[in-house]
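K.L.:
What follows is a protein structure lacking sequence information:
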């Protein structure tokens, strides 16, 4: 592994460990090593490590097909939780399949940092850490766990819509709703729905822009507030899926709009005007929609810097940037 020269969380230059900002926001002021005391999970020469991770995966209550592991900070290190212990962090190693899988943690980390630093999208606090030997893993702070270990109530959009494998089949989180109908759920369940609707709009536009084809119903959630009502949860599981798989434009197979979609997607192409109509149907003012789309269509030196400072390979950095520019310049800007 090459020496660390930029923060594995913020990607700020000049750090050989987590920066002060990362220590503050990701680790609540605790100094934590970016190096794990574990070998990579698929290292067959260390069966004791594999057993420890497998046992942890058995009792972590998180949905999703990618292996995820529950962790806490102990003695300045990120370690797996013990039986019955509440985790405060989620560890995601490389994907179990797909191309460029060893780079999936760096991809997700970069995408989350672009969302928060460039576009102001609230995200789960996150960073990278490293197995022995240098292989990266993605780490995220759980936003549904309070400092005392109790939990805020959280519901994903599939649950809000009453959908499951029992009534919606195995494809329930992809095949039954549009993103417009996700807005209907926000309007129904969130008191400050007008504020939260803008957050949904920004997140859907961002996912399109960054080529995230896995923004399904379980990757949007609402979170309990201190007053006992609910708001849109911080964004999570943001990633450029096209670095790993040739997927569709949207995770939700029915797309953005409930009705008359063909009128706003001529020949199936998504354009800036498609998102204009999407924003209108969410109930956002025209001026606000155009302001947000202008933001996403602008150029940002910080975005280029984050890509350059990321832990992707040089080849994947270039692919990531080209995909983003293609979505922005050839599609999102069209018709605005």
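P.N.:
Nice, thanks for sending it over. Just so it is clear, the structure is predicted and the values come from calculations on it, not from any experiment. Numbering: from 1, shown residues only.

K.L.:
Show me what counts as buried in stretch 324-336.
P.N.:
324, 327-328, 331-332 (16 or more other C-beta atoms under 10 Å). All C-beta spots, glycine's among them, are computed from the backbone N, C-alpha and C.

K.L.:
so which of those comes closest to residue 78?
P.N.:
residue 324 (30.2 Å; C-beta to C-beta).

K.L.:
So which elements touch the strand or helix carrying that closest one?
P.N.:
Using DSSP states H and E, residue 324 maps to helix 314-327. When contacts are defined as 3 or more C-beta pairs under 8 Å, 6 or more residues apart in numbering; DSSP states H and E, helix 314-327 packs onto helix 104-113, helix 193-209, helix 301-309.

K.L.:
Could you dump the ones you listed into CSV with mean pLDDT, distance to residue 119 and mean neighbour count added?
P.N.:
Formatted as CSV, the helices and strands packed on helix 314-327 follow (pLDDT from 0 to 100; distance: least, C-beta to C-beta, whole Å; neighbours: other C-beta atoms under 10 Å):
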stretch, mean pLDDT, distance to residue 119, mean neighbour count
helix 104-113, 98, 11, 26
helix 193-209, 97, 6, 21
helix 301-309, 98, 9, 15
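
K.L.:
so where's the protein shaky on pLDDT?
P.N.:
Low-confidence segments of the chain, defined by pLDDT under 70: 43-65.

K.L.:
Would you mind giving the domain segments of it?
P.N.:
20-141, 154-332 (automatic domain parsing).

K.L.:
got the ones you listed as TSV, with distance to residue 5 columns?
P.N.:
Below are the domains of the chain laid out as TSV (distance: least, C-beta to C-beta, whole Å):
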stretch	distance to residue 5
domain 20-141	12
domain 154-332	9
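
K.L.:
circling back to that earlier point, what about the helices and strands packed on helix 314-327, which gets the closest to residue 219?
P.N.:
helix 193-209 (9.0 Å).

K.L.:
who are the neighbours in contact with the nearest residue to residue 282 once chain neighbours are set aside?
P.N.:
Among residues not flanking residue 282 along the chain, residue 183 sits closest, at 4.4 Å (C-beta to C-beta, 6 or more residues apart in numbering). By C-beta atoms under 8 Å, 6 or more residues apart in numbering, residue 183 lies in contact with 197, 200, 281-283.

K.L.:
and of those residues, the nearest to residue 27?
P.N.:
Out of the contacts of residue 183, the member with the shortest distance to residue 27 (by C-beta to C-beta) is residue 200, at 29.3 Å.

K.L.:
Let me see the contact set for the closest one.
P.N.:
Contacts of residue 200 (C-beta under 8 Å, 6+ apart): 179, 182-183, 186, 220, 232, 282.

K.L.:
one step back: residue 75 is nearest to which of the helices and strands packed on helix 314-327?
P.N.:
Short answer: helix 104-113, nearest of those by C-beta to C-beta, at 23.3 Å.

K.L.:
packing partners for the closest one?
P.N.:
Right, helix 104-113 is packed against strand 89-92, strand 126-130, strand 136-141, helix 301-309, helix 314-327 by 3+ C-beta pairs under 8 Å, 6+ apart.

K.L.:
Next, the angle helix 193-209 makes with the last one.
P.N.:
This means helix 314-327. 120 degrees (axes from the mean of the first three to the mean of the last three C-alpha atoms, to 10 degrees).

K.L.:
And residue 75, how far from residue 37?
P.N.:
Separation of residue 75 from residue 37 (C-beta to C-beta, to the nearest Å): 10 Å.

K.L.:
Give me the more crowded residue out of those two.
P.N.:
Neighbour count, other C-beta atoms under 10 Å: between residue 75 and residue 37, residue 37 has more, with 13 against 8.
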